[in-house]
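> give me a 3D structure for the following:
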Amino acid sequence: MKNTPFYKSVLGQKYLLCLAFILPLLYWLYLALIAEMLIVHDSIGYEQLGSLLARHEWLEYFKGGPNREPLYPLTISLSMQIADLFSISYHAVQKIIQILIVLLTQFLALSLLRRLKIHPLLSAATILYLGFSPVIVNSIFNIYSEVITYPLVLGIILVNLKCADALVRVAHNPDPKNRWGLLASWACLLSGLFVLMTFVKASFEIITLVFLMMYVSQFVQALNRKNKKLAVSLVTFMVCFLSFYGGILTGYKFMNKIYNGQFVLTDRGASIFYGNTLRRVKPLTQQRLLVDLSYLPDPDGHFCQAHFGAEPCIFESYKQSDIIAFHKSVELQAQGFSINQINQIFFKNSFQEIFRHPFQYTFLTILESLRIFSWESTIPKFVVYPEWGEKIFGLSWLNRGLNFMMTVLTLLSLIYALFIFKIKSKNPADRQVLSTILWFIGAYIFAHAPFLVILRHILPIVPLYLILTAFFVQKVYGTKQ
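Below is the predicted model:
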């Protein structure tokens, strides 16, 4: 008999898996010493809020609001307080915190990969790519909130799978011990993760409700099958979920209402929606269509500008929508409207424009939503790398090649997962994981399409893309445990 190659042995696979964690960690620590965080654009706001919270000035935080979502500024405030103890820059502490966040993401991703029974070698490759992906690494070393979403998204998927297991146990056990306590506990835990995500990204107010429709669908199915126990359990679960989620968010919004007069989480949604709606209903020319299509391989517009120049590309970007909303806001303020009234006018006018141009708006919204599949990029964003890094990351062929490869893999993986989920798969465990991931991604796309899609908005679901890619590769190439 031939000896088993070391990389195929149990010990060898564990060794490779350890390397998949260690090698990226060493790379991150090296970059932590030499890469510099740039404080520009939104980073300025995050830093200012972090400084405010570091001084425990919560009342000032609310009085000056509505401000950005609070969770990421809280991490910055923690970094600032730790940095003050050691008389160092808070950037150094923030880098370590964000490194630990991505390290946790890797462990959670491994847990999902194991749930899908992905081969250890393919799991190691996925974890390794997650650690070396240029866009993920870049997010570790800038002051933007996306990095904190990675473990929260994976945590939502994993906890949701536990919730599904709990619902099944309750439905099939005639007298489960602590039935209501079990359901309430899992519901509150899942709800708590969605609260945290909403405190990072306000779009999760929409995503949470869309995701919860998965349980509504299960409730309808339970009624059709006359499974009263499961139907009652699902209602109990959803009531606990919504009570916990709604209670915390309502309390936060009341604080904004009391101290700055606006019953909202943040105040950017209405203006972003208005600006992008007005942009999409402008006359659609052939050039506009080509420019829109050029955003598909690069949501940040570098590819577009290389082929069409700056001016037409800016019109299809967030910059134009911000300009539209800003001018309208100034006009309405001059007429004496309050901020709340302006937001109401933004929504009212937006829907009026949508109803006037339903087909064009729907077409361009779908087109913009397709940007969400193009996520990999080597272009440095708000980080200064050493000279060798700037040269490598600046290679256009490397950026476009890597982007193209990962976009194609992502699309194939999503299509394959939908195919397996709907038609071929007879494994209920695979179907459960895939349905949860696909539903989450669908909810995410649904919530972002009416607003806008830029590269950093895609990052929260990148770990899910990589997990689906591993599943696709394993099924296509027949890799078995």
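> C-alpha from now on. contacts and neighbour counts both.
OK.
> quick check: mean pLDDT across stretch 239-255?
Within the predicted structure, the mean pLDDT of stretch 239-255 is 96.
> apologies, that question was intended for stretch 151-161.
Model confidence over stretch 151-161 averages 97 on the pLDDT scale.
> for the helix or strand Y416 falls within, name the packing helices and strands.
Take DSSP states H and E as the rule and Y416 turns out to sit in helix 396-419. Taking 3 or more CA pairs under 8 Å, 6 or more residues apart in numbering; DSSP states H and E as the contact definition, the neighbouring helices and strands of helix 396-419 are helix 428-448, helix 462-477.
> hang on, K282 is in a helix, isn't it?
No: assessed by DSSP: H, G, I helix; E, B strand; the rest coil, K282 does not belong to a helix; its assignment is coil.
> that one - how many residues pack around it?
A count of neighbours around K282, defined by other CA atoms under 10 Å, yields 13.
> now it: phi and psi?
For K282, the backbone dihedrals are phi -60, psi 160 (criterion: degrees, to the nearest 10).
> quick one: neighbours of L74, just the number.
Using other CA under 10 Å, the number of residues around L74 comes to 18.
> pLDDT score for it?
In the predicted model, L74 carries a pLDDT score of 96.
> check which helix or strand covers the nearest residue in space to it that is not next to it in sequence.
What sits nearest to L74 in space, not counting adjacent residues and going by CA to CA, 6 or more residues apart in numbering, is G50, at 6.0 Å. Secondary structure from DSSP H and E places G50 in helix 42-54.
> ok, back up a step: adding distance to S111 and mean pLDDT, write the helices and strands packed on helix 396-419 out as TSV.
Compiled in TSV, the helices and strands packed on helix 396-419 are given as follows (distance: least, CA to CA, whole Å; pLDDT from 0 to 100):
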stretch	distance to S111	mean pLDDT
helix 428-448	12	92
helix 462-477	10	94
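> of those helices, which is nearest I323?
helix 428-448 (19.4 Å; CA to CA).
> show residues contacting the closest one.
Outside helix 428-448, the residues that touch it by CA atoms under 8 Å, 6 or more residues apart in numbering are 115-116, 157, 160-161, 203-204, 206-207, 210-211, 214, 369, 372, 414, 417-418, 420-421, 425, 461, 464.
> weed out the non-buried ones from those.
The neighbour-count test (16 or more other CA atoms under 10 Å) marks 116, 157, 160-161, 203-204, 207, 210-211, 369, 372, 414, 417-418, 420-421, 461, 464 as buried among the contacts of helix 428-448.
> pretty sure I366 sits against A449.
Yes: in this structure I366 lies within contact range of A449 using CA atoms under 8 Å: 7.0 Å.
> looking at these two, which is more packed in?
A direct count of neighbours by other CA under 10 Å for I366 and A449 places A449 higher, at 21 against 15.
> rewinding a little: distance to S271 added to the helices and strands packed on helix 396-419, as CSV?
CSV is the format used below for the helices and strands packed on helix 396-419 (distance: least, CA to CA, whole Å):
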stretch, distance to S271
helix 428-448, 14
helix 462-477, 27
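> what's the closest of these to V93?
Of all these, helix 462-477 comes closest under CA to CA, at 24.2 Å.
> which residues of the chain score low on pLDDT?
1-8, 174-178, 422-426, 478-481 (pLDDT under 70).
> wait, what's in contact with the nearest residue to P134 once chain neighbours are set aside?
Closest residue to P134 in three dimensions, ignoring its sequence neighbours and counting by CA to CA, 6+ apart: T378, at 5.2 Å. Remark: with contacts taken as CA under 8 Å, 6+ apart, T378 is in contact with 134-135, 393-394, 398-399.
> please repeat the previous calculation with a cut-off of 6 Å.
Under the criterion of CA atoms under 6 Å, 6 or more residues apart in numbering, the neighbours of T378 are 134, 393, 399.
> nearest to Q106 among those residues?
Sorting the contacts of T378 by how near they are to Q106, with CA to CA, puts P134 at the top with 15.2 Å.
> how many other residues sit next to that closest one?
P134 has 18 neighbours, counted by other CA under 10 Å.
> any idea how far it lies from M406?
Distance of P134 to M406, given as CA to CA, to the nearest Å: 12 Å.
> now do stretch 308-321: distance to the chain's middle.
24 Å (CA atoms, centre = their mean, to the nearest Å).
> er, stretch 232-243 I mean
Offset of stretch 232-243 from its chain centre (CA atoms, centre = their mean): 25 Å.
> could you do stretch 431-439 as well?
In terms of CA atoms, centre = their mean, the gap separating the centre of stretch 431-439 from the centre of its chain is 16 Å.
> can you start the count at 42 instead of 1 from here on
Yep, numbering from 42; the last one is stretch 472-480 now.
> and that stretch, C-alpha only, in PDB?
In PDB, the C-alpha atoms belonging to stretch 472-480 read as follows (Å, rounded to 0.1, in the frame of the first residue of the first chain):
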ATOM      1  CA  ARG A 472     -30.500  23.100   2.100                       C
ATOM      2  CA  GLN A 473     -30.900  24.700   5.400                       C
ATOM      3  CA  VAL A 474     -27.500  26.500   5.300                       C
ATOM      4  CA  LEU A 475     -27.800  27.500   1.700                       C
ATOM      5  CA  SER A 476     -31.400  28.800   2.100                       C
ATOM      6  CA  THR A 477     -30.300  31.000   5.000                       C
ATOM      7  CA  ILE A 478     -27.300  32.400   3.200                       C
ATOM      8  CA  LEU A 479     -29.200  33.000   0.000                       C
ATOM      9  CA  TRP A 480     -32.100  34.600   1.800                       C
END
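> thinking again about what came up before, what comes into contact with the helix holding Y457?
Residues from elsewhere that reach helix 437-460, judged by CA under 6 Å, 6+ apart: 414-415, 417-419, 506, 509-510, 513.
> now do the buried residues in that helix.
So, applying 16+ other CA under 10 Å, buried residues of helix 437-460: 440-441, 443-445, 447-448, 450-455, 457-459.
> out of those residues, who's nearest F423?
Relative to F423, the closest of the buried residues of helix 437-460 is N440; by CA to CA it sits at 16.9 Å.
> can you pull out the strands in the protein?
Counting by DSSP state E, the chain has strands at residues 77-78, 424-425.
> burial of Y68, as a residue count?
As a measure of burial, Y68 has 13 neighbours, counting by other CA under 10 Å.
> spit out the contact partners of the residue most central in space within the chain.
What sits nearest the mean C-alpha location of the chain, by CA atoms, centre = their mean, is P501, with 2.5 Å. For P501, the set of contacting residues under the criterion of CA under 6 Å, 6+ apart consists of 190-191.
> I'd like to know how far F304 sits from Y191.
In this structure, F304 lies at 28 Å from Y191, with CA to CA as the measure.
> right, I mislabeled it, should have said F260
Using CA to CA, F260 is found at 29 Å from Y191.
> which one of these two has more residues nearby?
Neighbours per residue (other CA under 10 Å) separate F260 from Y191, with Y191 holding more: 24 against 21.
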